[in-house]
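Q: Got a predicted structure here, sequence first:
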Amino acid sequence: MRIKYIKIENPEKVNYKINWQIPYERFPLTIGQEYTVYAIEYTGEGRINFFIIDEGGNTYPHNYPSEFFIVTDNRMSKYWEGFTGKENYPIDPFFPNLITFKEWKCNKFFEEEMMDNIGQANTIFKKYKSLIDNEYPNDQLQNAVPVGDNWVMCFNCNNSWEIANNNGVIECPKCKTRQNNPYY
């Protein structure tokens, strides 16, 4: 899933609560920039937050209120799992509910472990970040050149290689340029 940060009218009227509460005018985000969503949070107050990597320099995602974004690609990651609520959801839900990968979904302290660099949380997130970032083609990237039989040529360095996966984004093994998979 990809979202775009937008300028909204009356942002001060958006009632939000995020773990690292800062005013919206200081969000480390760029208007018009697209971001990849790594988790979706549903709160007990009926709020929806997106976990994204912002421009604040952290290697783990922060949550932001959905009101500040438009969805530009609504495809859900195949690595995500559904709600973390109790079995009788939605009658007696447990909040916050997350749609994200299994290790985060099943560990209510995963976010804090990423922030505090405890255990394997950051290694696990880095693995899923790479999988999710490369899952679907990205409109901001150029396409590799198809040459037949799952072979492509890098638009940047003219290196050719055989694609061994079905990801939407591939990386040239020679120059490391990320580009869309023309066979996706």
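A: Nice, thanks for sending it over. Small disclaimer: the values here were computed from a predicted structure and weren't measured. Numbering: from 1, shown residues only.
Q: any low-confidence regions in this structure?
A: Counting by pLDDT under 70, the chain contains low-confidence ranges at 17-21, 82-96.
Q: Which residue ranges of it form strands?
A: 2-5, 34-36, 39-42, 48-52, 62-65, 69-73, 80-81, 97-101, 145-148, 151-153, 160-162, 169-171, 178-180 (DSSP state E).
Q: could you dump the ones you listed to TSV with mean neighbour count?
A: C-beta coordinates here come from the backbone N, C-alpha and C atoms, glycine included. Shown next, in TSV, are these (neighbours: other C-beta atoms under 10 Å):
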stretch	mean neighbour count
strand 2-5	19
strand 34-36	20
strand 39-42	21
strand 48-52	21
strand 62-65	22
strand 69-73	15
strand 80-81	18
strand 97-101	22
strand 145-148	12
strand 151-153	18
strand 160-162	14
strand 169-171	20
strand 178-180	19
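Q: Out of those, which is closest to residue 124?
A: Of all the strands of the chain, it is strand 97-101 that lies closest to residue 124, at 8.0 Å by C-beta to C-beta.
Q: Show me what the closest one is packed up against.
A: Other helices and strands packing on strand 97-101, by 3 or more C-beta pairs under 8 Å, 6 or more residues apart in numbering; DSSP states H and E, are strand 39-42, strand 80-81, helix 102-105.
Q: just checking, residue 61 touches residue 38?
A: Yes. Residue 61 lies in contact with residue 38 (C-beta atoms under 8 Å); the separation is 4.8 Å.
Q: Can you give me the domain assignment for this protein?
A: Following the assignment in automatic domain parsing, the chain carries domains at 2-133, 145-180.
Q: Could you dump those domains into JSON lines and include distance to residue 139?
A: Listed next are those as JSON lines, based on distance: least, C-beta to C-beta, whole Å:
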{"stretch": "domain 2-133", "distance to residue 139": "8"}
{"stretch": "domain 145-180", "distance to residue 139": "9"}
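Q: Skipping adjacent residues, who's closest to the residue nearest in space to the middle of the chain in space?
A: Taking C-alpha atoms, centre = their mean as the criterion, residue 37 is the residue nearest the geometric centre of the chain, at 2.6 Å. In space, and not counting its chain neighbours, residue 37 is closest to residue 1: 4.2 Å by C-beta to C-beta, 6 or more residues apart in numbering.
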